[in-house]
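**Q** got a structure for you, letters missing:
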């Protein structure tokens with residue numbers, strides 16, 4: 001027998017997910033549920049499903065996040081979803097804190113909430129921790145950053161933000177077939193766990209236009225970890241400084257790669273879209 005579950009649809013820069021508070025509702029098969037609910041024709045429609053939980057007493061965090069892509073695969077981390085959780089737990093009065101520690105599969109992330117005059121969350125900054133330019137198990141660097149897809153060879157920079165990204169800089173992002181090449185490169189043998197693929201173009205000083213093919217979801221309006229990976233790759237290859245604005249299909253995200261502690265800080269908005277009930 002199915003249970004009636006209340007959900008909240010939210011988005012960060014157009015990267016939309018379905019959020020469920022698991023302290024109130026049980027989601028016994030999140031992989032299958034993510035596929036069913038994410039369908040934009042027969043379901044609610046989203047890039048995936050996010051489960052908000054409460055940590056055990058031994059966990060140094062205020063809340064937990066599990067995230068499942070539209071294809072049912074579980075993701076390690078999502079910057080946009082993390083920001084939305086910050087707004088969710090604060091604006092729904094689950095906490096009064098404006099600094100929140102969120103446990104994810106890629107570690108505990110610190111969220112810093114920026115409130116408006118009405119006391120509600122306007123934007124959130126996430127400490128995305130340290131990037132890695134090599135990561136055994138995520139990337140086989142024997143390719144030396146050169147991968148082939150559909151008779152084209154792409155040069156890119158691998159960056160792990162807890163999950164794998166391959167950032168390709170181009171001079172003509174508007175005419176890049178993100179779906180065609182991204183879907184192939186996601187499954188390249190260089191990526192044992194598959195990979196998120198970013199196509200990026202420097203459009204102004206420290207302003208980078210980015211389009212993303214997300215592992216397990218396809219083209220999405222934005223990707224928080226992808227924005228961070230793009231900013232790191234641009235700074236690492238001397239295309240931009242350590243502060244940059246990443247312009248994605250769904251909006252802008254600000255990224256700062258702090259030289260002092262090597263942490264990457266992601267700032268952007270989070271929005272409620274609608275709420276409802278669904279049988280799971």
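**A** That came in fine, so what should we check first? The shown structure was predicted, so the numbers you read here are calculated from the model rather than taken from an experiment.

**Q** what about the most centrally placed residue in the chain, distance to residue 239?
**A** The centre of the chain sits closest to residue 78, judged by CA atoms, centre = their mean, with a distance of 3.0 Å. When CB to CB, to the nearest Å is the yardstick, residue 78 and residue 239 sit 25 Å from each other. Glycine gets a C-beta too; all of them are placed from N, C-alpha and C.

**Q** ok so, going back, now the residue nearest to the centre of the chain, nearest residue through space, not along the chain?
**A** Taking CB to CB, 6 or more residues apart in numbering as the measure, residue 78 lies nearest to residue 67, with 5.1 Å between them; neighbours along the chain are not counted.

**Q** so where does the one you found fall, helix or strand?
**A** strand 63-69 (DSSP states H and E).

**Q** Quickly run through the sheet partners of that strand, with directions.
**A** In the sheet containing strand 63-69, the strands it pairs with under DSSP bridges are strand 48-53 (antiparallel), strand 74-75 (antiparallel), strand 99-104 (parallel).

**Q** List the contacts of the last one.
**A** In this structure, residues lying in contact with strand 99-104 by CB atoms under 8 Å, 6 or more residues apart in numbering are 55, 59-65, 67, 76-77, 82, 85-86, 89-90, 108-113, 162.

**Q** what's the following helix or strand after that strand?
**A** strand 107-115.

**Q** What of the second one?
**A** Downstream of strand 74-75, the first helix or strand assigned by DSSP H and E is helix 79-91.

**Q** picking that back up, for the residue nearest to residue 78, give the beta-bridge partners.
**A** The residues paired with residue 67 through beta bridges, assigned by DSSP bridges, are residue 50, residue 75.

**Q** Report the separation between it and residue 92.
**A** Separation of residue 67 from residue 92 (CB to CB) stands at 19 Å.

**Q** quick one, which of these two is more surrounded?
**A** residue 67 (26 against 12; other CB atoms under 10 Å).

**Q** Look up the residues forming beta bridges with the nearest residue to residue 245 once chain neighbours are set aside.
**A** Excluding its sequence neighbours, the residue lying closest to residue 245 (CB to CB, 6+ apart) is residue 207, at 4.9 Å. With DSSP bridges as the criterion, the beta-bridge partners of residue 207 are residue 204, residue 245.
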